[in-house]
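Peer 1: Predicted model and sequence below, questions to follow.
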Amino acid sequence: MQNEDPKTGSKLKPCPECGKPASGATLPFCSPRCRDVDLNRWLSGSYVIPGKETDPEDAE
Ligand SMILES: [Zn+2]
C-alpha cells in the first residue's frame with residue numbers, strides 16, 4: 001500500500017522569502033535571488049568558522 005503525501009505533488013510551495021510560488025531548480029525558493037537572500041542572511045547570522053583557534057605558542 002502506497003502512502004501518498006498530500007503535500008507532495010504538483011502543488012507549489014510559496015517562496016520563504018517573498019511568498020511567490022516556488023518551482024524548478026531553485027526550490028524551495030522562487031528564484032536564485034531569493035535563495036541568495038536567504039543564504040546571505042544565514043551566512044551573516046550564524047556562520048562559524050571551526051578550528052580558528054589562537055595558539056599562544058604561535059601568537060608570538
Ligand atoms: Zn522568492
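Peer 2: Looks like it arrived, so ask away. Numbers count the residues shown, from 1 in each chain.
Peer 1: Spell out which residues of the chain are next to the ion.
Peer 2: With the criterion set to C-beta under 5 Å from the ion, the chain comes near the ion through 15, 17-18, 20, 30, 34. To be clear about C-beta, it is placed using only N, CA and C from the backbone, and glycine gets the same treatment.
Peer 1: Adding pLDDT as columns, could you present those in a markdown table?
Peer 2: Formatted as a markdown table, these follow (pLDDT from 0 to 100):
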| residue | pLDDT |
| --- | --- |
| Cys15 | 94 |
| Glu17 | 92 |
| Cys18 | 95 |
| Lys20 | 94 |
| Cys30 | 94 |
| Cys34 | 95 |
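Peer 1: Quick check: PyMOL command selecting the buried ones in those.
Peer 2: Remark: buried members of the residues of the chain next to the ion, expressed as a PyMOL selection using 16 or more other C-beta atoms under 10 Å:
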select buried, resi 15+17+30+34
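Peer 1: Chain neighbours aside, what residue packs nearest to Leu27?
Peer 2: Lys13 (7.4 Å; C-beta to C-beta, 6 or more residues apart in numbering).
Peer 1: what's Ser31 sitting at in phi/psi?
Peer 2: Reported as degrees, to the nearest 10, the phi and psi values for Ser31 are phi -160, psi 160.
Peer 1: What of the one 3 residues further on?
Peer 2: Phi and psi for Cys34, reported as degrees, to the nearest 10, are phi -60, psi -40.
Peer 1: ok, now which ones touch the closest residue to it other than its chain neighbours?
Peer 2: Nearest non-adjacent residue to Cys34, counting by C-beta to C-beta, 6+ apart: Glu17, 3.8 Å away. Glu17 sits next to 29-30, 34-35, 37-38 when contact means C-beta atoms under 8 Å, 6 or more residues apart in numbering.
Peer 1: Dump the one helix or strand Asn40 maps to to CSV, restricted to CA.
Peer 2: Using DSSP states H and E, Asn40 sits within helix 32-46. Provided in CSV are the C-alpha atoms of helix 32-46 (Å, rounded to 0.1, in the frame of the first residue of the first chain):
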residue,chain,number,x,y,z
PRO,A,32,18.2,32.3,-7.4
ARG,A,33,17.9,35.8,-6.0
CYS,A,34,15.6,34.8,-3.1
ARG,A,35,17.9,31.8,-2.5
ASP,A,36,20.8,34.2,-2.3
VAL,A,37,19.0,36.5,0.1
ASP,A,38,18.3,33.6,2.4
LEU,A,39,21.8,32.3,2.1
ASN,A,40,23.4,35.7,2.9
ARG,A,41,21.2,36.0,5.9
TRP,A,42,22.2,32.6,7.1
LEU,A,43,25.9,33.3,6.5
SER,A,44,25.9,36.7,8.2
GLY,A,45,23.8,35.3,11.1
SER,A,46,25.2,32.1,12.2
